[in-house]
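Novice: here are the coordinates; sequence isn't available:
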């Protein structure tokens, strides 16, 4: 999201460079959505893949659809809304394939739970797209447990992307991570370092940063690594979606996977977030 017009605004050479840097350290999955950069980032990224089949074969592309954004790039949209109709999903996938200069998407996610989502219609169109080889895996983003349950009765959900961090612990307690383990759904966390943790000054953020700083010294690492190590400890196998434009921070995220917090240290961070001793 931050590599394109909503952030660093990389040119094609810069995309090629950071893609290859990621591959060199064993990271090969790149998270997109059709709306990023007001519907421009997929195509900007895709320019790096033109005529480069060997590079395409090395990477996994995740993209999302279902949000209709109000933007000059989509003049027919009159309000921001959700659309998970078969026709919209099909059109979105076809456009993403064109943007990425590829003939398949590795994982397609429904970006937000549409109030009007028809599970039979979703199952039919996703099955069709899979049979045509246009998408390989299917998942959701920001769904509740009940929304996952009703949709998974009609079509296999293979990934669930949602906000999980020390500033948003809800997934640990509302059953989403339990459900993902039961149904063997891959868990992906957006904003894994915490929303506004380093920007907004408040009591909770101060507690988290103080505790993370102390533990970072104990584990001989950085605060960012500690924040991600907290997520890595959970048995659901949370995969953080790193939003940074800095390769050094991408490397830190990889390094954090080697940190094994002991249980008491995990709970020190938990209590720093909640502000209360566990029951």
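Specialist: Looks like it came in fine. This one's a predicted model, so the numbers in the text were calculated from it and none came from an experiment.
Novice: what's residue 107 in contact with, if anything?
Specialist: 60, 61, 62, 63, 135, 136, 137, 138, 139, 158, 159 (Cβ atoms under 8 Å, 6 or more residues apart in numbering). In this view, the C-beta of every residue, glycine as well, is placed from N, C-alpha and C.
Novice: from the residues you listed, which ones fall inside strands?
Specialist: 60, 61, 62, 63, 135, 136, 137, 138, 139, 159 (DSSP state E).
Novice: neighbour-wise, which of those residues leads?
Specialist: Highest neighbour count within the ones in strands among the contacts of residue 107: residue 63, with 27 neighbours (other Cβ atoms under 10 Å).
Novice: Relative to residue 195, how far out is the closest residue to that residue other than its chain neighbours?
Specialist: Closest residue in space to residue 63, ignoring its immediate chain neighbours: residue 32 at 4.2 Å, by Cβ to Cβ, 6 or more residues apart in numbering. Here the distance between residue 32 and residue 195 works out to 20 Å (Cβ to Cβ, to the nearest Å).
Novice: Of the two, which one has the most company?
Specialist: residue 32 (23 against 13).
Novice: contacting residues for the more buried one?
Specialist: Contacts for residue 32 (Cβ under 8 Å, 6+ apart) come out as 1, 41, 42, 45, 61, 62, 63, 64, 96.
Novice: same question, residue 234
Specialist: Each residue near residue 234 by Cβ under 8 Å, 6+ apart is listed here: 172, 177.
Novice: now swap in residue 116 and tell me
Specialist: Contacts of residue 116 (Cβ under 8 Å, 6+ apart): 82, 84.
Novice: change it to 10 Å
Specialist: Contacts for residue 116 (Cβ atoms under 10 Å, 6 or more residues apart in numbering) come out as 81, 82, 83, 84, 85.
Novice: Let's have those residues in a markdown table, adding distance to residue 217.
Specialist: A markdown table is the format used below for the contacts of residue 116 (distance: Cβ to Cβ, whole Å):
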| residue | distance to residue 217 |
| --- | --- |
| 81 | 48 |
| 82 | 45 |
| 83 | 49 |
| 84 | 47 |
| 85 | 53 |
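Novice: What about those, which one has the most neighbours?
Specialist: Greatest neighbour count in the contacts of residue 116, by other Cβ under 10 Å, goes to residue 84: 24 neighbours.
Novice: Identify the residue nearest that residue in space, chain neighbours excluded?
Specialist: Sequence neighbours aside, residue 114 is the residue nearest to residue 84 in space, at 4.1 Å (criterion: Cβ to Cβ, 6+ apart).
Novice: Compute the distance from the centre of stretch 86-94 to the centre of its chain.
Specialist: For stretch 86-94, the distance from its own C-alpha centre to the chain's C-alpha centre is 21 Å (Cα atoms, centre = their mean, to the nearest Å).
Novice: Quick check: mean pLDDT of it?
Specialist: For stretch 86-94, the mean per-residue pLDDT is 98.
Novice: Go ahead and name everything in contact with it.
Specialist: Counting by Cβ under 10 Å, 6+ apart, stretch 86-94 makes contact with 33-35, 63-68, 82-85, 104-105, 108, 110-111, 114, 118, 120-126, 128-129, 132, 134-135, all of which sit outside it.
Novice: cutoff 7 Å now
Specialist: 34, 65, 105, 108, 121, 124, 125, 129, 134, 135 (Cβ atoms under 7 Å, 6 or more residues apart in numbering).
Novice: now stretch 159-173
Specialist: Outside stretch 159-173, the residues that reach it (Cβ under 7 Å, 6+ apart) are 107, 109, 137, 139-143, 148, 176-177, 180, 185-195, 197, 208, 227, 230-231, 238, 241, 269, 273.
Novice: Just the ones of these in strands?
Specialist: Counting by DSSP E, the part of the contacts of stretch 159-173 found in strands is 107, 109, 137, 139, 140, 141, 186, 187, 188, 189, 190, 241.
Novice: With pLDDT as extra columns, can I get these in TSV?
Specialist: Formatted as TSV, those follow (pLDDT from 0 to 100):
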residue	pLDDT
107	98
109	98
137	98
139	98
140	98
141	98
186	98
187	98
188	98
189	98
190	97
241	97
